[in-house]
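sequence and predicted structure below; questions after.
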Amino acid sequence: YGADLLRLWVASSDYHADVRVSDDIFKQLSQAYLKIRNTARYILGNLNGFDPDNLVPASEMNELDKWAVSRLNDLMKKVRDGYENYAYHIVYHAIRNFCVVDMSNFYLDVLKDRLYVEKADSKTRRAAQTAIYKILDSLTLMLAPIITFTADEIWQFMPHDSSRNTEHIVLNEYPALTGVEVD
């Protein structure tokens with residue numbers, strides 16, 4: 001299964017109770033890992049030609065993009081709390097649920113039309129790319145302590161704004177909240 005899946009298993013386990021291991025657990029984790037990886041892969045594929053130093057301001061984003069970024073803010077709070085309290089299973093479950101429920105099952109599915117049909121330089125497409133860039137940037141930084149090799153691979157292929165150290169993911173700070181609020 002690889003080192004990252006083993007690290008994911010450790011992170012997903014609640015060490016306050018008996019830690020279980022089995023082929024079925026690794027198969028389930030493998031599927032969850034693929035969901036996380038495929039979410040990142042989909043976003044990467046839709047950032048081609050995007051300039052992270054030219055983001056669409058939050059005030060000009062549509063409500064759906066603001067919703068997605070606000071869900072990211074909620075995730076970042078939950079993940080930060082999990083890391084600070086050494087509750088890595090909470091980090092894992094929060095990230096998995098975000099990738100599966102919020103991103104794959106809803107937001108990224110609805111977003112396809114704007115990403116595939118709109119002109120490359122249209123404001124609505126760039127707003128969607130701004131949202132998915134912020135999501136991928138923050139998600140990758142949150143994943144780095146757990147699935148290091150995968151996070152570093154994503155980091156090497158994604159565009160970066162000028163504030164980021166592109167050499168290696170661990171040379172960057174934990175992501176700050178995005179400043180986007182939804183009423």
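Received the coordinates, thanks.

hey, let's count contacts and neighbours off CA atoms from now on
Will do.

residue contacts, the residue nearest in space to the middle of the chain?
Relative to the mean C-alpha position of the chain, the nearest C-alpha, by C-alpha atoms, centre = their mean, is the one of residue 139, at 2.8 Å. Contacts for residue 139 (C-alpha atoms under 8 Å, 6 or more residues apart in numbering) come out as residue 95.

what about the one helix or strand it maps to, distance to the chain center?
Taking DSSP states H and E as the definition, residue 139 sits inside helix 123-143. Mean-position distance between helix 123-143 and its chain equals 8 Å (C-alpha atoms, centre = their mean, to the nearest Å).

what about that helix, average pLDDT?
Mean pLDDT, computed over helix 123-143, is 96.

repeat that for stretch 165-180.
Rounded mean pLDDT across stretch 165-180 is 83.

contacts for that stretch next, please.
58, 66, 69-70, 73, 76, 134, 137-138, 141-142, 144, 151-152, 155-156, 160, 164.

related to what we said a few turns ago, so how far is residue 106 from the residue nearest to the centre of the chain?
Per C-alpha to C-alpha, to the nearest Å, residue 139 is found 17 Å from residue 106.

next: residue 165.
In terms of C-alpha to C-alpha, residue 165 sits 31 Å off from residue 106.

and for residue 24, the neighbour number?
Neighbours of residue 24 under the rule other C-alpha atoms under 10 Å: 9.

wait, I meant residue 16
Residue 16: 7 neighbours (other C-alpha under 10 Å).

specify the local secondary structure of it.
coil (DSSP: H, G, I helix; E, B strand; the rest coil).

so residue 148 touches residue 4, yeah?
Yes - here residue 148 lies in contact with residue 4, judged by C-alpha atoms under 8 Å, at a distance of 6.8 Å.

and the next element down the chain from the helix holding residue 139?
By DSSP H and E, the next helix or strand past helix 123-143 is helix 148-157.

what's in contact with that next one?
Contacts for helix 148-157 (C-alpha under 8 Å, 6+ apart): 4, 37, 40-41, 44, 140-141, 143-144, 166-169.

want to throw the residues you listed into a markdown table with distance to residue 13 and neighbour count?
As requested, the contacts of helix 148-157 are exported to a markdown table (distance: C-alpha to C-alpha, whole Å; neighbours: other C-alpha atoms under 10 Å):
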| residue | distance to residue 13 | neighbour count |
| --- | --- | --- |
| 4 | 14 | 17 |
| 37 | 20 | 16 |
| 40 | 23 | 22 |
| 41 | 26 | 16 |
| 44 | 29 | 19 |
| 140 | 21 | 24 |
| 141 | 21 | 21 |
| 143 | 16 | 20 |
| 144 | 17 | 18 |
| 166 | 31 | 17 |
| 167 | 31 | 11 |
| 168 | 27 | 13 |
| 169 | 25 | 20 |
